[in-house]
Each structure stands twice: as structure tokens, then as C-alpha cells.
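*Asks:* prediction below, plus the sequence it came from.
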Amino acid sequence: MFVDKQIQVLKHDIEPSRIKSRTKGNINLSYLEGFDLIETANKVFGHGNWSYNITSLDQVSQETNSNQNVVICYKAIVKLTVYSLDHSKHISKEDVGFGTGIAKMLADAHEGGAKEAVTDSIKRAMRSFGNQFGNSLYDKSRNHQNQPQTSPQIPSSKPTPPQVQRQSPQVQYEFTSLYNLGLQVLEQGNNFVIVGEDIFNKKDSIKACGFFWDSSRKIWYMPKHSQEAA
């Protein structure tokens with residue numbers, strides 16, 4: 001099915017710089033981003049040598065949170081197919097994924113939840129091909145070795161505040177949707193601030209949770225009393 005070079009790549013340990021981390025409750029989770037998996041699949045299998053079909057996409061639940069945002073959960077089942085270089089053989093894998101969309105607008109919440117569910121199911125189907133697709137991250141004994149040890153950093157466009165603390169489990173639970181996007185909610189004086197990668201493209205989810213953009217400091221923030229009042 002696979003040529004020797006492909007097999008060697010699939011067996012190789014994952015590059016630590018590809019691994020991202022987030023905190024959910026009191027648990028540190030390691031993961032690969034969706035675009036990273038797609039780029040890796042194109043490199044290992046080749047463009048046009050793999051594809052996926054959405055077998056099912058169903059809404060699981062819908063509610064409104066304390067910030068009056070619509071919260072919608074989706075479940076997706078995706079079938080992944082990988083072909084040999086000459087397309088004479090193929091392997092298919094299928095798995096289930098879940099996603100949560102949080103937004104002020106109903107349509108935006110549907111969009112976010114559906115996309116996240118599909119991406120999650122693709123990730124889970126791809127991991128069956130080994131380390132390069134994140135399978136080793138499910139091995140807790142190896143996960144500790146691969147996980148980056150650096151603490152979340154405030155963007156370099158502004159100075160690091162003197163007093164920054166991780167949030168309590170209660171606050172982490174309140175902002176679960178942001179942690180699921182790989183972001184962190186930290187305490188800075190009388191405000192909560194958002195840190196993480198690719199923040200600009202996640203602005204809709206951040207705004208939906210009640211955060212404001214400070215253009216002078218280049219940060220997303222929320223006064224503590226706003227969260228307490230909610």
C-alpha cells in the first residue's frame with residue numbers, strides 16, 4: 001500500500017514544535033491543529049491521494065449560557081480514504097468527532113459547532129495512521145515528553161504584565177469554548193485577558209464570550225466584574 005519512504009515518515013516520532021497544548025479544567029491536553037494535519041497528509045500521501053466524506057452531521061444539543069450566547073453542540077462522522085500512489089489500492093478509516101459553537105447569532109453558533117465537529121472527526125480518523133497524525137499524543141507516558149514546557153506568553157507587541165495568574169477551574173469552565181480553541185484566559189490586574197496563537201481568526205468566538213478589543217495594547221480583555229455579574 002505505502003512505499004518505503006512513506007512508511008519511514010509515518011513511523012518517525014512527531015516533531016515537538018507541531019504539538020499545541022491547552023488546559024481543560026485541571027487537565028493539560030496536547031493536540032495537533034487541523035491545518036497541520038491536512039498539510040501533513042498532503043506531504044505524506046500526496047495531493048489527490050487522500051480524501052474524506054462526511055457520513056453524518058447531527059446537532060446534539062442547544063442552550064443559552066450565562067452570557068446569553070447560543071451554545072450548540074454537533075456530532076460528525078467522517079470517512080477518510082487514503083490511496084496508494086498509483087491508486088490501485090486504498091484504505092478507509094471512519095471515526096466520530098464533536099464540536100461546540102458559541103456565538104450571539106444562531107447561525108454563527110451552528111457554523112462553529114459543525115466545523116469543529118468535522119475537524120475533530122478528521123483528526124480522530126487520521127490518528128490511526130500513526131505518530132505523524134497525533135496518535136502518540138493519546139499515550140500519556142509519551143505525551144509528557146512531547147508536550148512543550150513553555151508557559152503561555154503574552155503577545156510580544158506589549159510588555160508582559162507583572163502579575164499574571166492562571167484562572168481557577170471555575171473560570172476555566174466558564175470559558176471552556178476558548179480553551180477548546182487553544183486559547184488561555186489569564187488574570188491581569190482587574191481584567192481577564194486572552195492569550196494564544198491565531199487570536200485574530202478566533203475573534204468571533206472571543207467576542208461572543210464578552211471580551212473587548214483594546215487596540216492600543218493589542219489585547220482582548222474583560223473586566224472581572226463583568227464575568228462575576230454574569
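*Replies:* Yep, that arrived.

*Asks:* contacts and neighbour counts: CA atoms only from here.
*Replies:* OK.

*Asks:* domain parsing for the chain?
*Replies:* Segmentation of the chain into domains, based on automatic domain parsing, reads 4-146, 164-229.

*Asks:* reformat those as CSV; add mean pLDDT.
*Replies:* Shown next, in CSV, are these (pLDDT from 0 to 100):
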stretch, mean pLDDT
domain 4-146, 88
domain 164-229, 75
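
*Asks:* how about CSV for the ones you listed, with mean neighbour count added?
*Replies:* Compiled in CSV, the domains of the chain are given as follows (neighbours: other Cα atoms under 10 Å):
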stretch, mean neighbour count
domain 4-146, 17
domain 164-229, 17
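
*Asks:* just the helices in this structure please.
*Replies:* 4-11, 34-45, 106-126, 140-146, 169-174, 176-180, 203-208, 224-229 (DSSP state H).

*Asks:* and the angle for the second one with helix 106-126?
*Replies:* Orientation check (axes from the mean of the first three to the mean of the last three Cα atoms, to 10 degrees): helix 34-45 against helix 106-126 gives 30 degrees.

*Asks:* helices or strands next to helix 34-45 in the packing?
*Replies:* Helices and strands touching helix 34-45, by 3 or more Cα pairs under 8 Å, 6 or more residues apart in numbering; DSSP states H and E, are helix 4-11, helix 106-126.

*Asks:* how about these in TSV, adding distance to Lys43?
*Replies:* Below are the helices and strands packed on helix 34-45 laid out as TSV (distance: least, Cα to Cα, whole Å):
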stretch	distance to Lys43
helix 4-11	9
helix 106-126	14
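
*Asks:* for Leu178, find the nearest of the ones you listed.
*Replies:* helix 106-126 (12.2 Å; Cα to Cα).

*Asks:* dump the residue contacts of Glu111.
*Replies:* Shown in contact with Glu111 (Cα atoms under 8 Å, 6 or more residues apart in numbering): Gly101.

*Asks:* thinking again about what came up before, of all the helices and strands packed on helix 34-45, which one is nearest Asn180?
*Replies:* Smallest distance to Asn180 across the helices and strands packed on helix 34-45 (Cα to Cα): 9.7 Å, for helix 106-126.

*Asks:* could you export the closest one as CSV, CA atoms only?
*Replies:* What follows is helix 106-126, C-alpha atoms only, in CSV (Å, rounded to 0.1, in the frame of the first residue of the first chain):
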residue,chain,number,x,y,z
LEU,A,106,-27.8,31.4,16.0
ALA,A,107,-26.3,30.9,12.5
ASP,A,108,-22.8,31.6,13.7
ALA,A,109,-23.1,29.1,16.5
HIS,A,110,-24.3,26.4,14.1
GLU,A,111,-21.4,27.2,11.8
GLY,A,112,-18.8,27.0,14.5
GLY,A,113,-20.2,23.8,16.0
ALA,A,114,-20.5,22.0,12.7
LYS,A,115,-17.0,22.9,11.5
GLU,A,116,-15.4,21.9,14.8
ALA,A,117,-17.2,18.6,14.8
VAL,A,118,-16.0,17.7,11.3
THR,A,119,-12.4,18.8,12.0
ASP,A,120,-12.4,16.7,15.2
SER,A,121,-13.6,13.6,13.4
ILE,A,122,-11.0,14.1,10.7
LYS,A,123,-8.3,14.3,13.4
ARG,A,124,-9.5,11.1,15.1
ALA,A,125,-9.7,9.2,11.8
MET,A,126,-6.2,10.4,10.8
